[in-house]
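Chemist: next comes the sequence, and after it the predicted model I'd like to discuss.
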Amino acid sequence: LRRIAAHNPALRHILDVDSAGALAAAADSMARFGSGTARALEGLTMAVKANIAVAGLGWSAGMALRADIIAGKDAEAVRRLREAGAIIMGTANMHEAALGGTTDNIFYGRAINPHKAGYTTGGSSGGSGGAVAAGLCTAALGSDTLGSVRIPAAYNGIYGLKPTHGAISADGM
């Protein structure tokens, strides 16, 4: 959370930070590690692309039209990540409506490549890719129709995975 607070204002990777939720999840993870009941992804910090529902956080899909929409419940993929012990740090910036190869969002700001100021993180999951590359989280969830995870992975020097169609539920996206 300190790293997000220090670097995100200039990078614009994370749109909504869930400080209270992240701290509570981290406390639970510490207790599980201490009791020997750690789950598969225990303590893994994650950001979630803003077109995927995270309960209580903005679900804008990078669009001004959706700026006031708050997700009522987690998307299926987010629910499963939480069940496995992942800590959701917040929602990640993206290209408006996931329709572009950059994350130059006129409503939420341009996501800046953490390796070189002034350069793009790629898109449309550029906030997710940039947040991982900047060390704001360990991993991030994105969506990929035409390269939206793979492009930011390449632009930010990280790994991205596009799973087989249907392998992960699209409920809540």
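Modeler: Perfect, I can see it now.

Chemist: who's in contact with the longest helix seen in the chain?
Modeler: Longest helix of the chain, by residue count under DSSP state H: helix 19-35. Here helix 19-35 makes contact (Cβ atoms under 8 Å, 6 or more residues apart in numbering) with 1, 38-39, 42-43, 45, 56, 82, 85, 87-90. For every residue, glycine as well, the C-beta is placed using N, CA and C.

Chemist: again, only this time at 6 Å
Modeler: For helix 19-35, the surrounding residues in contact (Cβ atoms under 6 Å, 6 or more residues apart in numbering) are Leu1, Ala38, Glu42, Gly43, Ile87, Met89.

Chemist: with stretch 145-163 instead?
Modeler: 98, 101, 121-122, 124-126, 129-130, 132-133, 142, 144.

Chemist: try 10 Å
Modeler: 49, 51, 92, 94-95, 98-103, 111, 113-115, 119-134, 139-144 (Cβ atoms under 10 Å, 6 or more residues apart in numbering).

Chemist: of these, just the buried ones, ChimeraX syntax please.
Modeler: To isolate the buried members of the contacts of stretch 145-163 in ChimeraX, using 16 or more other Cβ atoms under 10 Å:
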select :49,51,92,94,95,98,100,101,102,103,111,113,114,120,121,122,123,124,125,126,127,128,129,130,131,132,133,134,139,140,141,142,143,144
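
Chemist: can you flag which of the contacts of stretch 145-163 belong to strands?
Modeler: Lys49, Ala92, Ala139, Ala140, Leu141 (DSSP state E).

Chemist: ok, which pair from those residues is furthest apart?
Modeler: Farthest-apart pair in these is Lys49 and Ala139; separation 12.1 Å (Cβ to Cβ).

Chemist: next, count neighbours for Asn156.
Modeler: 25 (other Cβ atoms under 10 Å).

Chemist: meant to ask about Ala167, not that
Modeler: Neighbours of Ala167 (other Cβ under 10 Å): 7.

Chemist: same thing with Ala84?
Modeler: Ala84: 12 neighbours (other Cβ under 10 Å).

Chemist: do I have it right that it meets Ala139?
Modeler: No - counting by Cβ atoms under 10 Å, Ala84 does not reach Ala139; the two are 11.6 Å apart.

Chemist: ok so, going back, common neighbours of Lys49 and Ala139, please.
Modeler: Shared contacts of Lys49 and Ala139 (Cβ under 10 Å, 6+ apart): Ser128.
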